[in-house]
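Participant: kindly return the folded structure for what I paste below:
(2 chains)
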Amino acid sequence: AQSVTQLGSHVSVSEGALVLLRCNYSSSVPPYLFWYVQYPNQGLQLLLKYTSAATLVKGINGFEAEFKKSETSFHLTKPSAHMSDAAEYFCAVSETNAGNNRKLIWGLGTSLAVNP
Amino acid sequence: DTAVSQTPKYLVTQMGNDKSIKCEQNLGHDTMYWYKQDSKKFLKIMFSYNNKELIINETVPNRFSPKSPDKAHLNLHINSLELGDSAVYFCASSHSGGGNTEAFFGQGTRLTVV
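Facilitator: Below you'll find the predicted structure:
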């Protein structure tokens, strides 16, 4: 079964600093990987996804993530944090079961705080 | 136009009651999901429907019964509510097919059982 590990349940950065949120996956097949963001009291919104077309994926709001097969990682970065980036971030991998039905396997989330 | 909408947004009820949460999507997707997010923000899939057919049921207590009248709607009915059912419930939808299709989420329903 596939799994996702997000290192660091809480990350705090200063406004303007680099944001780095870590995600490692476990998969026996080439994975489809996703990063979602959840703002307070909101649903989840897709930031970006890896679908094997390119290892560096650009998403919304200035975020990007790099797929590194050798490290089984898909870390999320943003060069300069903004106060509005404070939210919960989830990494997920797509898993297909024996019945060829697919579901997302989620990491536990990383709460990002941005300090002025 | 809201893509995935759920009602109600907040639900406070007593133990033992029965309640329903409704979900509708106008994206033309053929797959819909219910997720439960606990107080620690952990997300877990509960059910998935494809074209009104149940395709994923993740060992959820049978007090939870999803119903899909058509592929644009997936409702969740919960019988005999328990304190442990308190959580945020998210509806989502996606196209079926490849594993690279993303899910679109509703705003969530915060259920509090007292």
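
Participant: quick one, what contacts the most centrally placed residue in chain B?
Facilitator: Nearest to the mean C-alpha position of chain B, by CA atoms, centre = their mean, lies B:Trp34 at 2.9 Å. Going by CB atoms under 8 Å, 6 or more residues apart in numbering or on different chains, B:Trp34 touches B:Cys23, B:Ile45, B:Met46, B:Phe47, B:Ser48, B:Pro66, B:Leu74, B:Leu76, B:Tyr89, B:Phe90, B:Cys91, B:Ala92. C-betas here are computed from N, CA, C, even on glycine.

Participant: which ones among those come in contact with chain A?
Facilitator: Checking the contacts of B:Trp34 against chain A by CB under 8 Å from any CB of the partner chain, the ones in range are B:Ile45, B:Ser48, B:Phe90, B:Ala92.

Participant: which two of these have the greatest separation?
Facilitator: B:Ser48 and B:Phe90 (12.6 Å; CB to CB).

Participant: does chain A sit close to the lowest-mean-pLDDT helix or strand in chain B?
Facilitator: Every helix and strand in chain B was compared by mean pLDDT, DSSP states H and E; the lowest is strand B:53-57, with a mean of 85. Yes. Strand B:53-57 reaches chain A (CB under 8 Å from any CB) through B:Ile55, B:Ile56.

Participant: which strands or helices does that strand pack on?
Facilitator: Strand B:53-57 is packed against strand B:43-50, strand B:64-70, with contacts defined by 3 or more CB pairs under 8 Å, 6 or more residues apart in numbering or on different chains; DSSP states H and E.

Participant: deepest of these, which one?
Facilitator: Of all those, strand B:43-50 carries the top mean neighbour count, a mean of 20, counting by mean count of other CB atoms under 10 Å in any protein chain shown.

Participant: what lies in contact with it?
Facilitator: A:44, A:90, A:101, A:103-104, A:106, A:109, B:30-38, B:54-58, B:60, B:64, B:66, B:68, B:71, B:74, B:76, B:90, B:96.

Participant: buried subset of those residues?
Facilitator: A:44, A:90, A:103-104, A:106, A:109, B:30-37, B:55-56, B:60, B:64, B:66, B:68, B:71, B:74, B:76, B:90 (16 or more other CB atoms under 10 Å in any protein chain shown).

Participant: sorry, back to before: now the least confident helix or strand of chain B, how far from the centre of its chain.
Facilitator: 12 Å (CA atoms, centre = their mean, to the nearest Å).

Participant: pLDDT weak spots in chain A?
Facilitator: A:98-100 (pLDDT under 70).

Participant: count of neighbours near A:Cys91?
Facilitator: By other CB atoms under 10 Å in any protein chain shown, 28 other residues sit near A:Cys91.

Participant: same thing with B:Lys40?
Facilitator: With neighbours defined by other CB under 10 Å, the count for B:Lys40 comes to 8.

Participant: residues contacting it?
Facilitator: A:Leu108.

Participant: and it, which of the three is it?
Facilitator: coil (DSSP: H, G, I helix; E, B strand; the rest coil).

Participant: chain A: helices as residue ranges?
Facilitator: Assigned by DSSP state H, chain A shows no helices.

Participant: the least confident helix or strand of chain B pairs with which strands?
Facilitator: Sheet partners assigned to strand B:53-57 using DSSP bridges are listed as strand B:43-50 (antiparallel).
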